[in-house]
Each structure stands twice: as structure tokens, then as C-alpha cells.
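**Student:** could you look at this predicted model? Sequence included:
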Amino acid sequence: MAEPIAHSRRVFIRNGVALASLAGTIPAFIQDSAFGLVAQAAGNPGGAGIPGERILVVVQLGGGNDGLNTVVPYGSGDYFNARPTIGIRAPGGQATGQAGVALELDRTLGIGLHPSLRGMKELLDDGQLAVLQGVGYPNPNRSHFTSMDIWHTAQPGGRGDGWIGRYFDNTCNGTPLPEGAISLGRTAPLAMLGKVQKPVSFESADLFRWTGEDVDRGMEATYQAINRAGVLPETPERSQAAFLMRTALDAQVSSDRIRAAVDRRPMTQWPNSDLARQLRMVAAMIRDGMKTRVYYATLSGFDTHAGQLGTHARILQQVGDAMLAFQNELKAQGDQDRVLTLVFSEFGRRVQQNASGGTDHGTAAPSFVIGSRVRPGVHGNHPSLTDLDNGDLKFTQDFRGVYAALLEDWMKAPADKVLGGKFAKARIVKA
Amino acid sequence: MPLPAELKPLPEKSFDEDAARHLLARAGFGGTPEQVRALAGLGLPKAVDALVDYEARAYADPDTEDFDADILKPLTDEERQTLVRARRSDDQETLQRFERERNRRQAADRDQMREMQKWWLRRMIQSPRPLEEKMTLFWHGHFANGYRTVEESWNMYRQNQLFRRLATGNFAQLVRQVIRDPAMIKYLDNDENRKGRPNENLARELMELFTLGEGRGYTETDIKEGARALTGLTFADNEPRFDAAQHDDGTKTILGYTGAFDADGFVNLILARKECPQFICEKLYRFLVNDAPGSPSKEQQAFIAALARLFVQRKGELKPVLRAMFASEHFHHPANRGAIIKSPIQLVVQAVRQFHVPVRELSVLNSAAELMGQELFHPPNVKGWDGGRTWINTSTLFTRQNLLVYMLTGRTPRTREWEASTDGFDATHLVEAVRPASGTVDLASGVAWLMRCSLPVPAETARTAAVVQSLQSRGMRMDNTGIIEALCLITAMPEYQLC
């Protein structure tokens, strides 16, 4: 907690700003940390596990992940009938063709994990993986865009603000929480956009800074002086210009902090992949003690219309390995009890494989929730493989019930208000 | 000087270059020092006329003939029958062929949408009729429909042309055409609004967002009854269509009047409400005069009310309203200089128009605008972009600054290899106005002039001194490189985000 303050002083001193005149120029979140320090000294709980310290990570699998080959209902003959060449065999069985043999998930239920999900299997054995079956919503939409928008907004039409944005709007008293939400990617996902709260988004921390200094390093000092000056003396406090000057100062301090955080060496081994790179940054920012409540990472490439076996195996391995590395890193940092991760995709795929060895857009599919505080194992029933809706699975768990659990049981936020309705909560979080 | 509460024009002698620069930025997307000087030279009335009566200047539409209206043509009867047969016999091969063809067409349509984004951005950059494009952008954010829902690029393009055709025309006429516009019908589900099974989406937004303002002078019953009046307005094969069989021609009571109102009858009732001119003029005010948060001051309210009276007097004609606004002392008052935060599109287009930097890649500029929160043809929802301070956060601020570095130097914000070329950007024209007979512009006057041309409000002295010092300490001069570095620093100032 002491670090940001010391750090910010250094910044100000370097730029020759007298400390006495800081009142108007301190970025909002430096003040926040100062208040936080006082509150802690006064005996407020500050340890891990209290809601104020809890963090939600969302991992989006873009393109429509094939749920039936992710969490495999190997106990069902209908599964193999629908997927003659891409069906994944039961654990202990003989692999035919290239589909491979599932990892055991629940023997009684006859379900397994895709053979590439060794990372997930390890998390399961360690009590850190919850598998939510049949997650979807009524009147499923099979367009990538629309279905993703529905997941992001938690609204049937997929319009309006994002559900995480609304979470912040409902809990932050009309002022955005600086760095409250961070997304690793080019653009901010709709889910994170509230009316008041907007996420900080960057693809790599190195781009979360002014690139003019690459043109000529000689300009850097002047740029810094201009953008760290805060509100200039002749600028009215409530003017648009003053607002911009304050935001410019916030941006510089944020940039210092984020770049310093992600520059630190991780404590454990990480695989080399896109998702791992993103989650490594998330872990580093958590370790740094940033006040971020929600992080968002994205991996695409799940739209497997043709020849899916190889592609799907590679991308699922990326997911499993990155998630395992993330949990290991959190453990090494001592942050494992503060973080819960939701892994979802906008829809699953059709039950019947197509003629190109792939699968087309479908409906309900499993989601994962990962962390030391989940109730591990399989939640809910696998949708029937015979009672289908136009060739697609009928959902057994509304995704908004998953959100409701994350909001209410994990983030301690009013789920009904955020979601605009009451949804049967999935019981994912340990009491 | 107090902020005038009425439409009193600015005294002619006060229309100097700074006023002309302000006018050009707001009624368009700014211009070079030379263009600003020329506009100032016209004097206030002629300058306003030159911007508002833009029809006098011809502008050939670039590239529209390449757009294809039929990418997503509906299936022919024969194709439909084949598809039905394939479904019945579970003929996977045929079904997949159809699906592949549909996917291919949808991909082609998304490509065309991207071409249309480039086309519109180019128009905004090139057009000698900037107010036409600026107001087209205003209506796009007002009657906000997005491609993701409309799912047909041609309809987005047609709607865009409608906004352009009536950009500064008659508001009543615009509303009557907008409720028949295929993109709007699709976006707000009016093709589902049928006799006996009304869909209220369009009726609701028509009053709440397009004409009266949320909760201003109408009730839920007016929405229900109004929806009935809109039944039957649909579209087929990209053309507006009135389906008489689906129209509810019964008696309705809307806004206190009873009759067998149809769509235009409903629109007339709405437009007769006093809330309508007030709402539209308020929104124009926020777009063109001042978008600071909070409710308007007493003087601002009075000014908006005066605009609204003019709007009523001139029966919804927009030009007289815009003309009076742009010529007013209120518009030019120091309190309204730099009082708007540039939208991402304004930032992009104004940078090209004011510095004459090379356009480089239109698609890069569009994707930068998207990164900053404004993708053309993709407003976030039917309310459009919130604008103002919501454009700005720590991420978008870096993106804005870095985009300007790219535009000025050609260095792409996403790669590390910066090539030491200025890619044909000759910046020296920007300081011609202060070049002395000796031929060499000194640093102090060069920087002061660039600041004046680039920022909407006079810079504080510390800012100018910092830029001069930066160049001086490194032995730089007001040559091309020096000007570009000065501009990199000026455009990275928080004040540069103002318009």
C-alpha cells in the first residue's frame, strides 16, 4: 500500500512540482490509495479474501468453442453417433483415428475432458476447477456478433451497457474507479463498458504510453512535463480543459505503474502463448497490488467449421496450460484466494459434426470457473443429446445465473440490480 | 463580457482569424492557416453563408459506384425450394453448400461495410462542404443505427445518404423519411410491428430519443397507440414498403388527440409538441456549441430557447437555425471556445484538414477511431455516442496522442520500427504566415503561431515556453523536422483534445 505513494512523490519531485501545491493535481487514485492507507491503519480488515480485495478475471474464447469436445460425454452412444470421426473416446479406451482419448472428469456421469486439457485436469485434481454444464440462454442466436453481445450485455437483444460495466456503475457512486477494470486487448470489450466505468485497455503495456518518444527521445522530458503538470493555474477547475489535464496526469501515473508491474519477472514457469502472455500480465498486476477488480482476457480461433481436430486440440491446450500457469503463479504470489476466473464462449457447436470434419454454430456449452474458492467438480446436468432444439442442445443453466453467482457470492454486489432481473444462481463459490 | 442569452449576432469587427478558426472547427472539421485566413477575410455574414449554403459548391462523390446493393440478395424461389427439400431430406451436403454461400456473402458484406467506412471518412476529409458531412455525422449519432443489427451494408449506406440529403434540410421531412428507412425499420423491429401485434420499439424511440426527449410530454399509452399508427411500415429487398394489410387503421388516441392516425399523422402530432424544437436545439447546441457536463446555465437555456423559437417560426427548417447559431455572439463567446471535446472522428479529420498531413491509410484512421470509441456505422446503441467527457479515459488519451504521432510522422503506433521518414509531409506551409522577409522563422514566433493554429484556446505561457525550450536545447530550428516535433508536442497537450 505504501508503494504507490512513494512512487508518486518521486514522480512529482522529479518534475519539480512543489508538494505543497499538490491538492489540485493529485490524480484521483493516488488520493484513493492515501485514504486506503488511513483506513487500514484504523483497523479495517485488509487481508486477502475480503470482498474489497476480490478479483474477477474473465477469459473469453471467441468464435464458439465446441463444448461437446471440450467436456466430452463419452458415456453416451448418441455422442459417437453424431460424431463418427471427431468423437473423443472414453478414458482408458483405444484411440481410433486422431480424435484421442478423454481425460477423466466424472466417471459416474460418463464425462471427460479433451485430451489436450491436461492443465484443466490438474486444476480439477487440485480442487480448483468447476465445470458448469449446458450454459446458454433462451432463443439462442447463432450469429457470433449477436450471441457475443448477448453474453456481454446479459440482455436478450444484446443491446445496452456491458454487465461488468453495470457492476461498476452500481457500486461506485457515480465516479469511475480508476483502473477498476482492465482489458488486455486492442479494444475494450462491450462487457466492460458501463455508463460511468470504462476499462483501461491495452494490448501490451509497452503501448500504454506516448510513442512520440520513439520518434525522438529528446522530446520525452517536455512531453512528461506537459502531461504531468496537472491543472494549470489559469485553467478553471471545472472546465473541459481541467478535466483533460487531470486525465493526462492520471494516464502518466497509470502507465508508470502498469509498466513497472508487468516488467517484473514472474515467480513461476509460463508457457509461451497468446493467452499465457495476457494472464501473466494479469498476475503481475495483481501481485503489484493494483486496485483493479476485473480483468478481461480474450483468445479467438474457436470457429472450427472444418478439420477441427488439430486446431481444437492446439487451442484447448493453450487454454488449459495458460490457466494452470496462472493459478500456479497466483499461488506463488499468495493471491490464490482472491481471484476467480470465468472461462466462456459465445456459443457451443452443433451436436452433429459436418461433412468437413468440423462443427457449425450451435447453442449451449460448458463454462469453467477456476480458483481456490470454487466448489470444484461438475455442476448441473449435461443437456440431452437426443431431446434437441433444431439439432442443437437445450441449455440447462442460464448464463445470467452464472453471472449472478459471480456478482453476489464473489463480488458481493447486488446481482438483480446489475442484471436487471432475478436468475437462479449457480452454486459455484465456496461459502 | 457576459454570455449573451439571445441570438444577437457577433459584431462584424470581432470576426477575426481566431473567430474564423473556431467557426470552421465547429461548422466543419477545421482548416489550414491559409483557409482560416480566407474565411476571416470574407467577413462574418459571408463566411457563415459559405459554410451553410454549401450546395453552391459541387462535390463529386468518390467511389460510390463500386458499392453493390445485391451482396445479400434474398434467395430466389428456386433456391428456396431447393433449400426446403434439402432440409426435409436432411441432405447435409446441400445444406452446407447453402451455409457456405451465406457465410461467403456475409463476409463480402462486412468487407463492403469497411469500404463504406473508408468512403465516408474520405468524404469528411476531402469535401469542400464540411458542414454537410458534419451534420450527416450528427444525424448518424442521433438516429443511431448500427451495422451489427442492420446486417446489410447497403442499407447503412442508403441511410447515410438520406442523412446527407437532408443534413441541413427540414426536420419534419427528415423524420418522415427516417421512419421509412429500411435500416431504421430493421434496427428498431418495425418490420415486426403489425396490426393486432404491435411492436413498440420504433414508437418509443421516436419520441424518447429522436424528437421529444425521455419522459418529456408523452406517456406509455402514447407509445402503445403510436406504435399502432406505425404498423405496416416495412421494407422489402432494400426498399421501403407500406404493407396495407398489416396497418392498423383504427382509431387511436395519441398525445391527447383522437383519430385514425397513420404514421405521418403520428409524426405531425409529435412535431407539434413544444418539447420537440427544444430537444433538437439542445442536442444541436451540445454538438456544435458546448458539451460540458451538467445542466445548461440560465444564459445557455435562454439561447437554446431562442433557437427553438426560430426552429418553430421556420417550420423545422434547419439552415436558419444553424445560420443564426454560427453568427451569434453567444457561439463566439470565449466561454464557448474550446468547450467541446473532439469526437474521435473530429480528431482524425481535423488533424488532416488543419495540418494537411498525408492521409496515409484510411483503414488505419478508421480503426484508430474505433479504438478511441467511435466506429462509423457502429454506434454503441440507439442512443448513439454519449460524447463529451465519455470519450476520454487514460487509454483513449494515449491512443489519441499516439495517433497524432502516426499522422504527423508516419510512425505506426503498433510497431516498434520507426522509419526515419516524414513520408512526404511538408509542414513548412504551416508557418508561412509568420515567415519574415529574411526567410527564417525564429523558434519563439514559429512555436507561438503553431500553438495558435492548433489549439482552440490561447495556450498558457508555460506551454509555449516548454516547447520552445525543448527545440532550442536540442539546437533545432523551425524547419520541417522542427515543425513536426513541435506539433508532436502540441498535439500531446491535453488542450489539443478540445475543439
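**Tutor:** Yep, that arrived. Residues are numbered from 1 along each chain as shown, chains lettered A, B, ... in the order given.
**Student:** contacts only, for A:V343.
**Tutor:** Counting by C-beta atoms under 8 Å, 6 or more residues apart in numbering or on different chains, A:V343 touches A:59, A:61, A:319, A:323, A:367-370. Every residue, glycine included, has its C-beta placed from N, CA and C.
**Student:** my bad, A:L232
**Tutor:** Residues in contact with A:L232, defined by C-beta under 8 Å, 6+ apart, are A:245, B:460, B:462-463.
**Student:** redo that, cut-off 10 Å
**Tutor:** Under the criterion of C-beta atoms under 10 Å, 6 or more residues apart in numbering or on different chains, the contact partners of A:L232 comprise A:24-25, A:226, A:241-242, A:245, B:459-463, B:494-495.
**Student:** same thing with A:D106?
**Tutor:** By C-beta under 10 Å, 6+ apart, the residues touching A:D106 are A:71, A:75, A:112-113, A:124, A:131, A:377-378, A:382.
**Student:** what do you get if the cut-off is 6 Å, keeping everything else the same?
**Tutor:** For A:D106, the contacting residues are A:V378, taking C-beta atoms under 6 Å, 6 or more residues apart in numbering or on different chains as the criterion.
**Student:** neighbours of the closest residue to chain B within the stretch 251-400 of chain A, how many?
**Tutor:** Taking C-beta to the nearest C-beta as the measure, the point where the stretch 251-400 of chain A comes nearest chain B is A:A251, at 3.9 Å. Look at A:A251: counted by other C-beta atoms under 10 Å in any protein chain shown, it has 26 neighbours.
**Student:** what residues does the stretch 201-350 of chain B put near chain A?
**Tutor:** Counting by C-beta under 6 Å from any C-beta of the partner chain, the residues of the stretch 201-350 of chain B lying close to chain A are B:292, B:341.
**Student:** circling back to that earlier point, which of the contacts of A:L232 has the most neighbours?
**Tutor:** Counting neighbours by other C-beta under 10 Å, B:P494 leads those with 28 neighbours.
**Student:** these two touch, right, that one and A:L249?
**Tutor:** No: with contact defined as C-beta atoms under 6 Å, B:P494 does not reach A:L249; the gap is 8.7 Å.
**Student:** helices of the stretch 1-150 of chain A, start to end?
**Tutor:** Remark: helices assigned in the stretch 1-150 of chain A by DSSP state H, counting those that start in this stretch are A:2-14, A:28-41, A:77-82, A:118-125, A:144-153.
**Student:** sketch out the low-pLDDT regions of the chain for me.
**Tutor:** All of this is about chain A. Applying pLDDT under 70 to chain A flags the ranges A:1-52.
**Student:** oops, wrong one, chain B.
**Tutor:** With pLDDT under 70 as the threshold, chain B has low-confidence stretches at B:63, B:413-423.
**Student:** domains of it?
**Tutor:** B:12-52+B:274-336, B:344-409, B:428-497 (automatic domain parsing).
**Student:** please identify the most buried of those domains.
**Tutor:** Most buried of the domains of chain B, by mean neighbour count (mean count of other C-beta atoms under 10 Å in any protein chain shown): domain B:344-409, with a mean of 22.
**Student:** now the end-to-end length of that domain.
**Tutor:** The straight-line separation of the ends of domain B:344-409 (C-alpha to C-alpha, to the nearest Å) is 19 Å.
**Student:** same check on stretch B:389-396?
**Tutor:** The first and last residues of stretch B:389-396 sit 11 Å apart, counting by C-alpha to C-alpha.
**Student:** how about the contacts made by residue 105?
**Tutor:** Using chain A. A:111-113.
**Student:** if you could check chain B rather than the one you did, that'd help
**Tutor:** B:71-72.
**Student:** any idea which of the contacts of A:V343 has the most stuff around it?
**Tutor:** Ranked by neighbour count under the definition other C-beta under 10 Å, those are headed by A:S367 with 29 neighbours.
**Student:** in three-state terms, label it for me.
**Tutor:** On the three-state scheme (DSSP: H, G, I helix; E, B strand; the rest coil), A:S367 is labelled strand.
**Student:** same deal with the one 5 residues further on?
**Tutor:** Of the three states, A:S372 takes coil under three-state DSSP.
**Student:** what about the residue of the stretch 1-150 of chain A at minimum distance from chain B, neighbour count?
**Tutor:** Using C-beta to the nearest C-beta, the closest approach of the stretch 1-150 of chain A to chain B is made by A:F145 at 5.1 Å. Other residues near A:F145 come to 15 when the count uses other C-beta under 10 Å.
**Student:** what's the closest residue to it other than its chain neighbours sitting at in phi/psi?
**Tutor:** Nearest in space to A:F145, with sequence neighbours left out and distances taken as C-beta to C-beta, 6 or more residues apart in numbering or on different chains, is B:R148 at 5.1 Å. Dihedral angles phi and psi of B:R148 (degrees, to the nearest 10) take the values phi -60, psi -30.
**Student:** I figured B:R148 hits A:H144, correct?
**Tutor:** No: the criterion here is C-beta under 6 Å, and B:R148 misses it with A:H144 at 10.2 Å.
**Student:** ok, residue 350 - contacts?
**Tutor:** Went with chain A since none was named. By C-beta under 6 Å, 6+ apart, A:R350 lies in contact with A:359-360, A:362, A:391.
**Student:** you answered for a different chain; I wanted chain B.
**Tutor:** Neighbour list for B:Q350: B:29-30 [criterion: C-beta under 6 Å, 6+ apart].
**Student:** distance from whatever helix or strand it lives in to the middle of the chain?
**Tutor:** Using DSSP states H and E, B:Q350 falls within helix B:344-355. Relative to the mean C-alpha coordinate of its chain, helix B:344-355 is positioned 13 Å out (C-alpha atoms, centre = their mean, to the nearest Å).
**Student:** tell me the helix or strand right after it.
**Tutor:** Stepping forward along the backbone from helix B:344-355, the first helix or strand reached (DSSP H and E) is helix B:362-371.
**Student:** same list (the contacts of A:V343) but as CSV, adding distance to B:A427.
**Tutor:** Formatted as CSV, the contacts of A:V343 follow (distance: C-beta to C-beta, whole Å):
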residue, distance to B:A427
A:V59, 46
A:L61, 47
A:V319, 49
A:M323, 50
A:S367, 54
A:F368, 54
A:V369, 55
A:I370, 53
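**Student:** return the member of the residues you listed nearest to A:I182.
**Tutor:** Within the contacts of A:V343, proximity to A:I182 (C-beta to C-beta) peaks at A:V59, which comes in at 13.5 Å.
**Student:** what's near enough to touch that closest one?
**Tutor:** Applying C-beta under 6 Å, 6+ apart to A:V59 gives the contacts A:297, A:343.
**Student:** from A:T268, how far off is it?
**Tutor:** Per C-beta to C-beta, to the nearest Å, A:V59 is found 18 Å from A:T268.
**Student:** hang on, the earlier thing: the residue of the stretch 251-400 of chain A closest to chain B: which element?
**Tutor:** Secondary structure from DSSP H and E places A:A251 in helix A:240-263.
**Student:** other residues contacting the following helix or strand past that helix?
**Tutor:** Using DSSP H and E, the helix or strand that follows helix A:240-263 in sequence is helix A:274-287. For helix A:274-287, contacts defined as C-beta under 6 Å, 6+ apart pick out A:184, A:261-262, A:264, A:266, A:270, A:295, A:297, A:299, A:318, A:322, A:325-326, A:329, A:333, A:335.
**Student:** now the helix of greatest length in chain B, how far from the centre of its chain.
**Tutor:** For chain B, the helix reaching the highest residue count under DSSP state H is reported as helix B:92-126. In terms of C-alpha atoms, centre = their mean, the centre of helix B:92-126 is found 23 Å from the chain centre.
**Student:** next up, phi/psi of A:P140, please.
**Tutor:** The phi/psi pair for A:P140 (degrees, to the nearest 10) reads phi -60, psi 140.
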